[in-house]
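**Student:** Sharing a model prediction with you, sequence too.
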Amino acid sequence: MLPETKKREVLNLAQKRLVRTRDLEARGVSRMQLRKLVDQGVLQKAQRGLYTAPNAHMDAHVSLAEVAVRSPKAVICLLSALRFHELTTENPVNVYVMLPVGVQRPRMSNPRLEVFWASPNAYHAGIEEHLISGVKVRITSPAKTVVDCFKYRSKVGINVAVEALRDAWRKKKASADELWKIARLCRMTNIMRPYFESIVA
């Protein structure tokens with residue numbers, strides 16, 4: 001039987017952020033006690049190994065936090081990063097993530113993933129950390145996201161890439177220096193230049 005004080009501690013924690021099984025075990029809550037908390041309605045299962053309070057106010061981007069918890073090496077990118085940075089009105093069904101070459105695809109069915117692999121330099125460039133539902137989530141910066149859209153234009157569409165570049169520039173979310181630094185690294189300078197020149201003209 002879990003003491004009421006411990007139950008309140010768990011509930012307070014789960015109201016603020018996604019809670020992992022190991023987070024609760026570190027606080028002295030056994031797996032059997034965890035199951036009872038779920039049965040009693042104190043906690044609800046968000047997905048495998050992740051829990052929230054039933055009345056928790058979760059961030060609109062909570063699916064990104066779920067991915068970060070389950071796959072720490074995943075970096076949110078492309079359409080999911082565009083959505084996070086408000087550079088698109090589209091709401092992608094899948095979560096787009098980037099991993100270093102050689103890292104296995106995460107075993108996740110919910111949320112569904114679109115996985116891309118990148119060289120070490122491209123993988124590490126332009127990463128920001130954002131706190132979502134109490135979880136640190138790594139997301140490509142606006143500049144890196146735009147360049148990635150051009151790099152993977154065959155997957156996301158050139159129109160998406162051009163619109164992302166236009167919005168990032170007009171909303172001042174990426175400077176020319178930031179864009180060209182990443183573009184040079186990803187060898188996208190020649191591809192992006194005519195589109196950029198037409199936007200700033």
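**Tutor:** Thanks, I have the structure now. Computed from a predicted model, the values in this text were never measured in an experiment.
**Student:** Low-confidence stretches in this protein?
**Tutor:** 1, 14, 16, 47, 56-60 (pLDDT under 70).
**Student:** Let's see that with 80 instead.
**Tutor:** 1-24, 26-30, 33-34, 36-38, 40-60, 108-110, 133-134, 201 (pLDDT under 80).
**Student:** Would you state the strands of it in chain order?
**Tutor:** Assigned by DSSP state E, the chain shows strands spanning 19-20, 44-47, 50-52, 75-76, 95-100, 113-118, 127-132, 135-140.
**Student:** Any chance of those in TSV with distance to residue 173 as columns?
**Tutor:** C-beta coordinates here come from the backbone N, C-alpha and C atoms, glycine included. TSV is the format used below for the strands of the chain (distance: least, CB to CB, whole Å):
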stretch	distance to residue 173
strand 19-20	32
strand 44-47	30
strand 50-52	30
strand 75-76	16
strand 95-100	18
strand 113-118	21
strand 127-132	11
strand 135-140	12
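**Student:** among those, which is the most enclosed?
**Tutor:** Highest mean neighbour count of the strands of the chain: strand 75-76, a mean of 26 (counted as mean count of other CB atoms under 10 Å).
**Student:** How is the protein partitioned into domains?
**Tutor:** Domain assignment for the chain by automatic domain parsing gives 4-52, 62-200.
**Student:** which of those sits most buried?
**Tutor:** domain 62-200 (a mean of 18).
**Student:** Straight-line length of it, end to end?
**Tutor:** Its first and final residues considered, domain 62-200 spans 35 Å by CA to CA, to the nearest Å.
**Student:** residues contacting residue 163?
**Tutor:** Neighbouring residues of residue 163 by CB atoms under 8 Å, 6 or more residues apart in numbering: residue 88.
**Student:** what's the distance between it and residue 75?
**Tutor:** Going from residue 163 to residue 75 by CB to CB, to the nearest Å gives 22 Å.
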